[in-house]
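In: quick one: sequence plus predicted model below, questions after.
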Amino acid sequence: MDTSSLQNLATAIKKSSRIVSLTGAGISVASGIPDFRSEGGLWTRYDPSLYASYSKFVEDPSYFWEMHIETMRLIDRARPNPAHRALADLEELGLLKGVITQNIDGLHQDAGTSTVYELHGTNKTSSCIICRRQYPTKEIADHIFSFQKEDLIRKMRRGNEIPACDCGGWIKPDVILFGEKMSHEVAVAAQELASSCDLLLVVGTSLQVQPAASLPFATKHNGGAIAFINREPTFLNRIADHVFLGKAEEILPELVNMLNAAT
Ligand code: APR
(Lines give C-alpha, C1' and ligand atoms only; values in the text may rest on other atoms or scores of the structure.)
Protein backbone atom coordinates (compact mmCIF):
# COMPACT_ATOMS: atom_id res chain seq x y z
CA MET A 1 0.00 0.00 0.00
CA ASP A 2 1.31 3.45 -0.94
CA THR A 3 1.67 4.93 2.55
CA SER A 4 2.61 8.44 1.44
CA SER A 5 -0.50 8.68 -0.81
CA LEU A 6 -2.62 7.41 2.08
CA GLN A 7 -1.00 10.03 4.32
CA ASN A 8 -1.98 12.67 1.72
CA LEU A 9 -5.59 11.45 1.91
CA ALA A 10 -5.50 11.53 5.73
CA THR A 11 -4.24 15.14 5.53
CA ALA A 12 -7.03 16.01 3.07
CA ILE A 13 -9.59 14.41 5.40
CA LYS A 14 -8.36 16.44 8.37
CA LYS A 15 -8.73 19.62 6.29
CA SER A 16 -12.25 18.67 5.15
CA SER A 17 -15.42 19.61 6.97
CA ARG A 18 -18.08 17.62 5.07
CA ILE A 19 -16.93 14.14 4.04
CA VAL A 20 -19.40 11.65 2.55
CA SER A 21 -18.80 8.07 1.46
CA LEU A 22 -20.39 6.31 -1.54
CA THR A 23 -20.15 2.52 -1.34
CA GLY A 24 -20.93 -0.50 -3.47
CA ALA A 25 -20.83 -4.27 -3.29
CA GLY A 26 -17.03 -4.36 -3.08
CA ILE A 27 -17.09 -3.14 0.52
CA SER A 28 -19.10 -6.24 1.55
CA VAL A 29 -17.05 -8.87 -0.32
CA ALA A 30 -14.87 -9.42 2.77
CA SER A 31 -18.10 -10.14 4.70
CA GLY A 32 -18.79 -13.10 2.39
CA ILE A 33 -21.24 -11.39 0.01
CA PRO A 34 -19.98 -11.58 -3.61
CA ASP A 35 -20.22 -8.46 -5.73
CA PHE A 36 -22.10 -8.37 -9.06
CA ARG A 37 -19.64 -7.90 -11.92
CA SER A 38 -16.34 -9.38 -10.77
CA GLU A 39 -15.50 -13.00 -11.59
CA GLY A 40 -18.06 -15.20 -9.79
CA GLY A 41 -20.24 -12.16 -9.10
CA LEU A 42 -24.04 -12.44 -8.99
CA TRP A 43 -24.59 -11.17 -12.55
CA THR A 44 -22.07 -13.68 -13.89
CA ARG A 45 -24.41 -16.44 -12.61
CA TYR A 46 -27.89 -14.88 -12.85
CA ASP A 47 -29.12 -12.83 -15.83
CA PRO A 48 -30.49 -9.67 -14.13
CA SER A 49 -33.06 -9.20 -16.92
CA LEU A 50 -34.68 -12.47 -15.77
CA TYR A 51 -33.77 -12.72 -12.07
CA ALA A 52 -33.67 -9.06 -10.98
CA SER A 53 -36.24 -7.33 -13.17
CA TYR A 54 -39.36 -5.80 -11.60
CA SER A 55 -41.62 -6.59 -14.56
CA LYS A 56 -40.45 -10.23 -14.54
CA PHE A 57 -41.06 -10.39 -10.76
CA VAL A 58 -44.68 -9.25 -11.24
CA GLU A 59 -45.16 -11.89 -13.97
CA ASP A 60 -43.41 -14.78 -12.16
CA PRO A 61 -41.61 -14.15 -8.81
CA SER A 62 -40.01 -17.63 -8.81
CA TYR A 63 -36.94 -16.43 -10.74
CA PHE A 64 -36.26 -13.58 -8.32
CA TRP A 65 -36.64 -15.93 -5.31
CA GLU A 66 -34.34 -18.51 -6.93
CA MET A 67 -31.55 -15.90 -6.90
CA HIS A 68 -32.56 -14.06 -3.73
CA ILE A 69 -32.64 -17.17 -1.51
CA GLU A 70 -28.85 -17.36 -2.00
CA THR A 71 -28.45 -13.63 -1.29
CA MET A 72 -30.60 -13.85 1.86
CA ARG A 73 -28.54 -16.76 3.22
CA LEU A 74 -25.29 -14.81 2.64
CA ILE A 75 -26.71 -11.63 4.24
CA ASP A 76 -28.02 -13.71 7.17
CA ARG A 77 -24.49 -15.00 7.85
CA ALA A 78 -22.65 -11.74 7.03
CA ARG A 79 -21.12 -9.49 9.69
CA PRO A 80 -19.52 -6.04 9.18
CA ASN A 81 -15.86 -6.24 8.10
CA PRO A 82 -13.01 -3.81 8.94
CA ALA A 83 -14.00 -1.58 6.01
CA HIS A 84 -17.55 -1.04 7.34
CA ARG A 85 -16.16 -0.48 10.81
CA ALA A 86 -13.59 2.03 9.54
CA LEU A 87 -16.36 4.17 8.01
CA ALA A 88 -18.31 3.94 11.29
CA ASP A 89 -15.14 5.10 13.09
CA LEU A 90 -14.83 8.08 10.71
CA GLU A 91 -18.43 9.03 11.56
CA GLU A 92 -17.68 8.55 15.29
CA LEU A 93 -14.65 10.86 14.92
CA GLY A 94 -17.01 13.47 13.46
CA LEU A 95 -15.20 13.24 10.11
CA LEU A 96 -17.96 11.56 8.05
CA LYS A 97 -21.41 13.10 7.54
CA GLY A 98 -22.98 9.95 6.09
CA VAL A 99 -22.79 6.95 3.80
CA ILE A 100 -24.65 6.63 0.50
CA THR A 101 -24.73 2.93 -0.30
CA GLN A 102 -25.89 0.81 -3.23
CA ASN A 103 -25.87 -2.23 -0.93
CA ILE A 104 -28.98 -3.83 0.58
CA ASP A 105 -27.19 -5.84 3.30
CA GLY A 106 -27.51 -3.36 6.19
CA LEU A 107 -23.86 -3.91 7.16
CA HIS A 108 -23.09 -0.16 7.46
CA GLN A 109 -25.84 0.16 10.07
CA ASP A 110 -24.70 -3.05 11.79
CA ALA A 111 -21.17 -1.57 11.99
CA GLY A 112 -22.60 1.47 13.79
CA THR A 113 -22.92 4.08 11.02
CA SER A 114 -26.01 6.12 11.88
CA THR A 115 -26.54 8.14 8.68
CA VAL A 116 -26.99 5.73 5.77
CA TYR A 117 -28.87 6.36 2.51
CA GLU A 118 -29.76 3.09 0.76
CA LEU A 119 -30.10 3.93 -2.95
CA HIS A 120 -31.18 0.40 -3.87
CA GLY A 121 -33.34 -0.26 -0.82
CA THR A 122 -32.89 -2.79 1.94
CA ASN A 123 -33.28 -6.52 2.46
CA LYS A 124 -34.29 -5.93 6.10
CA THR A 125 -37.98 -5.38 5.24
CA SER A 126 -40.38 -6.65 2.56
CA SER A 127 -43.62 -5.16 1.22
CA CYS A 128 -46.72 -6.24 -0.64
CA ILE A 129 -46.48 -4.88 -4.18
CA ILE A 130 -50.25 -4.15 -4.14
CA CYS A 131 -51.26 -2.76 -0.72
CA ARG A 132 -47.70 -1.88 0.42
CA ARG A 133 -48.17 -3.63 3.79
CA GLN A 134 -44.68 -4.17 5.26
CA TYR A 135 -43.27 -7.42 6.68
CA PRO A 136 -39.92 -8.20 8.36
CA THR A 137 -37.90 -10.09 5.72
CA LYS A 138 -36.70 -12.43 8.50
CA GLU A 139 -40.26 -13.85 8.76
CA ILE A 140 -40.32 -14.50 5.00
CA ALA A 141 -36.80 -15.93 5.06
CA ASP A 142 -37.58 -18.31 7.97
CA HIS A 143 -40.45 -19.78 5.93
CA ILE A 144 -38.39 -19.98 2.72
CA PHE A 145 -35.37 -21.51 4.46
CA SER A 146 -37.64 -24.30 5.82
CA PHE A 147 -37.70 -25.79 2.28
CA GLN A 148 -34.97 -27.52 0.25
CA LYS A 149 -34.19 -24.83 -2.39
CA GLU A 150 -34.72 -26.93 -5.56
CA ASP A 151 -38.00 -28.30 -4.20
CA LEU A 152 -39.23 -24.83 -3.29
CA ILE A 153 -38.36 -23.39 -6.72
CA ARG A 154 -40.24 -26.26 -8.40
CA LYS A 155 -43.30 -25.40 -6.29
CA MET A 156 -42.91 -21.67 -7.01
CA ARG A 157 -42.63 -22.30 -10.77
CA ARG A 158 -46.11 -23.85 -10.45
CA GLY A 159 -47.32 -20.77 -8.53
CA ASN A 160 -47.18 -22.38 -5.08
CA GLU A 161 -45.43 -21.23 -1.86
CA ILE A 162 -44.77 -17.75 -3.29
CA PRO A 163 -44.74 -15.23 -0.39
CA ALA A 164 -48.08 -13.41 -0.65
CA CYS A 165 -49.95 -10.80 1.35
CA ASP A 166 -53.42 -11.29 2.90
CA CYS A 167 -54.66 -9.02 0.10
CA GLY A 168 -53.32 -11.52 -2.44
CA GLY A 169 -50.41 -9.39 -3.70
CA TRP A 170 -46.88 -10.79 -4.01
CA ILE A 171 -44.54 -9.86 -1.14
CA LYS A 172 -41.09 -8.62 -2.29
CA PRO A 173 -38.05 -7.62 -0.23
CA ASP A 174 -37.67 -3.82 -0.32
CA VAL A 175 -34.71 -4.07 -2.72
CA ILE A 176 -34.90 -2.01 -5.92
CA LEU A 177 -34.99 -4.25 -8.98
CA PHE A 178 -34.15 -3.16 -12.52
CA GLY A 179 -37.07 -1.15 -13.88
CA GLU A 180 -38.38 -0.40 -10.38
CA LYS A 181 -38.77 3.18 -9.14
CA MET A 182 -36.33 4.03 -6.36
CA SER A 183 -37.16 6.27 -3.42
CA HIS A 184 -37.29 9.89 -4.59
CA GLU A 185 -36.44 11.10 -1.08
CA VAL A 186 -33.31 8.94 -0.91
CA ALA A 187 -32.20 9.98 -4.41
CA VAL A 188 -32.65 13.68 -3.58
CA ALA A 189 -30.83 13.32 -0.25
CA ALA A 190 -27.94 11.45 -1.90
CA GLN A 191 -27.62 14.07 -4.63
CA GLU A 192 -27.66 16.84 -2.01
CA LEU A 193 -25.00 15.10 0.12
CA ALA A 194 -22.72 14.45 -2.87
CA SER A 195 -23.16 18.01 -4.17
CA SER A 196 -22.41 19.66 -0.82
CA CYS A 197 -19.53 17.51 0.45
CA ASP A 198 -15.94 18.67 0.17
CA LEU A 199 -14.62 15.10 -0.08
CA LEU A 200 -16.44 12.06 -1.52
CA LEU A 201 -14.87 8.74 -0.45
CA VAL A 202 -15.95 6.23 -3.13
CA VAL A 203 -15.42 2.59 -2.04
CA GLY A 204 -15.97 -0.77 -3.76
CA THR A 205 -18.11 0.09 -6.76
CA SER A 206 -17.78 -0.21 -10.54
CA LEU A 207 -20.14 2.79 -10.92
CA GLN A 208 -22.17 1.06 -13.62
CA VAL A 209 -25.65 2.20 -12.57
CA GLN A 210 -27.43 5.49 -12.01
CA PRO A 211 -27.84 7.59 -9.96
CA ALA A 212 -24.69 6.37 -8.12
CA ALA A 213 -22.46 6.79 -11.20
CA SER A 214 -23.34 10.50 -11.43
CA LEU A 215 -22.73 11.39 -7.79
CA PRO A 216 -18.93 11.83 -8.09
CA PHE A 217 -19.54 14.37 -10.89
CA ALA A 218 -21.92 16.31 -8.58
CA THR A 219 -19.13 16.50 -6.00
CA LYS A 220 -16.54 17.59 -8.58
CA HIS A 221 -18.94 20.13 -10.13
CA ASN A 222 -19.31 21.82 -6.74
CA GLY A 223 -15.56 21.95 -6.07
CA GLY A 224 -15.29 18.84 -3.91
CA ALA A 225 -12.48 16.28 -4.07
CA ILE A 226 -12.82 12.57 -4.75
CA ALA A 227 -11.00 9.62 -3.18
CA PHE A 228 -11.49 6.22 -4.85
CA ILE A 229 -10.73 2.90 -3.14
CA ASN A 230 -11.43 -0.07 -5.40
CA ARG A 231 -9.89 -3.41 -6.33
CA GLU A 232 -10.08 -2.60 -10.07
CA PRO A 233 -9.80 0.68 -12.00
CA THR A 234 -12.93 2.38 -13.41
CA PHE A 235 -13.55 5.65 -15.26
CA LEU A 236 -13.33 7.37 -11.87
CA ASN A 237 -9.55 6.85 -11.83
CA ARG A 238 -9.31 9.64 -14.41
CA ILE A 239 -11.07 12.30 -12.31
CA ALA A 240 -10.37 11.23 -8.72
CA ASP A 241 -7.88 13.22 -6.62
CA HIS A 242 -6.79 10.19 -4.58
CA VAL A 243 -6.84 6.66 -6.06
CA PHE A 244 -6.06 3.40 -4.23
CA LEU A 245 -6.34 0.12 -6.09
CA GLY A 246 -6.75 -2.58 -3.49
CA LYS A 247 -8.98 -4.06 -0.83
CA ALA A 248 -11.19 -1.69 1.14
CA GLU A 249 -10.91 -3.90 4.25
CA GLU A 250 -7.13 -3.29 4.24
CA ILE A 251 -6.93 0.34 3.07
CA LEU A 252 -9.71 1.96 5.13
CA PRO A 253 -8.52 0.66 8.56
CA GLU A 254 -4.98 1.85 7.72
CA LEU A 255 -6.40 5.30 6.89
CA VAL A 256 -8.28 5.46 10.20
CA ASN A 257 -5.12 4.37 12.07
CA MET A 258 -3.26 7.32 10.48
CA LEU A 259 -6.05 9.72 11.49
CA ASN A 260 -6.12 8.39 15.05
CA ALA A 261 -2.33 8.65 15.30
CA ALA A 262 -2.53 12.29 14.17
CA THR A 263 -5.08 13.31 16.80
N1 APR B 1 -12.22 -3.90 -1.90
C2 APR B 1 -12.43 -2.90 -2.81
N3 APR B 1 -13.10 -3.07 -3.98
C4 APR B 1 -13.57 -4.30 -4.24
C5 APR B 1 -13.40 -5.40 -3.35
C6 APR B 1 -12.68 -5.16 -2.14
N7 APR B 1 -12.45 -6.14 -1.25
N8 APR B 1 -13.98 -6.50 -3.92
C9 APR B 1 -14.50 -6.09 -5.10
N10 APR B 1 -14.26 -4.78 -5.29
C11 APR B 1 -14.67 -3.93 -6.41
C12 APR B 1 -14.70 -4.63 -7.76
O13 APR B 1 -13.43 -4.55 -8.38
C14 APR B 1 -15.77 -3.82 -8.50
O15 APR B 1 -15.19 -2.75 -9.24
O16 APR B 1 -15.99 -3.52 -6.16
C17 APR B 1 -16.65 -3.26 -7.39
C18 APR B 1 -18.03 -3.89 -7.34
O19 APR B 1 -18.69 -3.55 -8.55
P20 APR B 1 -20.09 -4.26 -8.89
O21 APR B 1 -19.97 -5.72 -8.71
O22 APR B 1 -20.53 -3.70 -10.20
O23 APR B 1 -21.05 -3.75 -7.72
P24 APR B 1 -21.70 -2.30 -7.56
O25 APR B 1 -20.83 -1.24 -8.14
O26 APR B 1 -22.08 -2.14 -6.13
O27 APR B 1 -23.04 -2.43 -8.44
C28 APR B 1 -23.94 -1.37 -8.34
O29 APR B 1 -25.49 -2.54 -9.75
O30 APR B 1 -26.70 -4.28 -10.53
C31 APR B 1 -26.72 -3.24 -9.64
O32 APR B 1 -28.09 -3.31 -7.76
C33 APR B 1 -26.84 -3.69 -8.22
O34 APR B 1 -26.25 -2.30 -6.32
C35 APR B 1 -25.75 -2.92 -7.49
C36 APR B 1 -25.32 -1.89 -8.52
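Out: Ah, there it is. Numbering: from 1, shown residues only.
In: residue numbers of the protein in contact with the ligand?
Out: Residues of the chain lying near the ligand by Cβ under 6 Å from any ligand atom: 24-26, 29-30, 35-38, 41, 102, 120, 204-206, 208-209, 230-232, 247-249. To be clear about C-beta, it is placed using only N, CA and C from the backbone, and glycine gets the same treatment.
In: in contact with His108, which residues?
Out: Thr23, Pro80, His84, Leu87, Ala88, Val99, Thr101, Val116 (Cβ atoms under 8 Å, 6 or more residues apart in numbering).
In: I'd say Ser127 and Lys172 touch.
Out: Yes: between Ser127 and Lys172 there is a contact under Cβ atoms under 8 Å: 6.6 Å.
In: have a look at the two and say which one is more surrounded.
Out: More crowded of Ser127 and Lys172, by other Cβ atoms under 10 Å: Lys172, with 24 against 19.
In: could you report the neighbour count for Gly224?
Out: Gly224 is flanked by 21 other residues according to other Cβ under 10 Å.
In: hmm, I typed the wrong one, I wanted Ala10.
Out: 20.
In: on that earlier part again, can I get the buried part of the residues of the chain next to the ligand as one PyMOL selection?
Out: Only the buried entries of these go into this PyMOL selection, using 16 or more other Cβ atoms under 10 Å:
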select buried, resi 24+25+26+29+30+35+36+38+102+120+204+205+206+209+230+247+248+249
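In: in helices, which of the residues of the chain next to the ligand fall?
Out: Among those, DSSP state H puts Ala248, Glu249 in helices.
In: just after the helix or strand harbouring Asp151, pick out the following helix or strand.
Out: Per DSSP states H and E, Asp151 falls inside helix 149-157. Downstream of helix 149-157, the first helix or strand assigned by DSSP H and E is strand 171-175.
In: how many neighbours does the nearest residue in space to Tyr46 that is not next to it in sequence have?
Out: Excluding its sequence neighbours, the residue lying closest to Tyr46 (Cβ to Cβ, 6 or more residues apart in numbering) is Met67, at 4.5 Å. Counted by other Cβ under 10 Å, the residues lying close to Met67 total 18.
In: same deal with Cys128?
Out: Cys128 has 19 neighbours, counted by other Cβ under 10 Å.
In: could you do Arg45 as well?
Out: Arg45: 12 neighbours (other Cβ under 10 Å).
In: what are the phi and psi values at it?
Out: Phi and psi for Arg45, reported as degrees, to the nearest 10, are phi -120, psi -20.
In: and for the one 10 residues further on?
Out: Taking degrees, to the nearest 10, you get phi -60, psi -40 for the backbone angles of Ser55.
In: that one touches Gly179, doesn't it?
Out: Yes: if you go by Cβ under 8 Å, Ser55 and Gly179 touch, sitting 5.5 Å apart.
In: helices of the stretch 1-150 of the chain, residue ranges please.
Out: Assigned by DSSP state H, counting those that start in this stretch, the helices in the stretch 1-150 of the chain fall at 3-15, 42-45, 48-51, 54-59, 62-77, 82-92, 107-111, 137-145, 149-157.
In: and the longest one, how far out from the chain middle?
Out: Centroid displacement of helix 62-77 relative to its chain, using Cα atoms, centre = their mean, to the nearest Å, is 16 Å.
In: would you mind listing the buried residues in it?
Out: In helix 62-77, counting by 16+ other Cβ under 10 Å, buried: Ser62, Tyr63, Phe64, Trp65, Glu66, Met67, His68, Ile69, Thr71, Met72, Leu74, Ile75.
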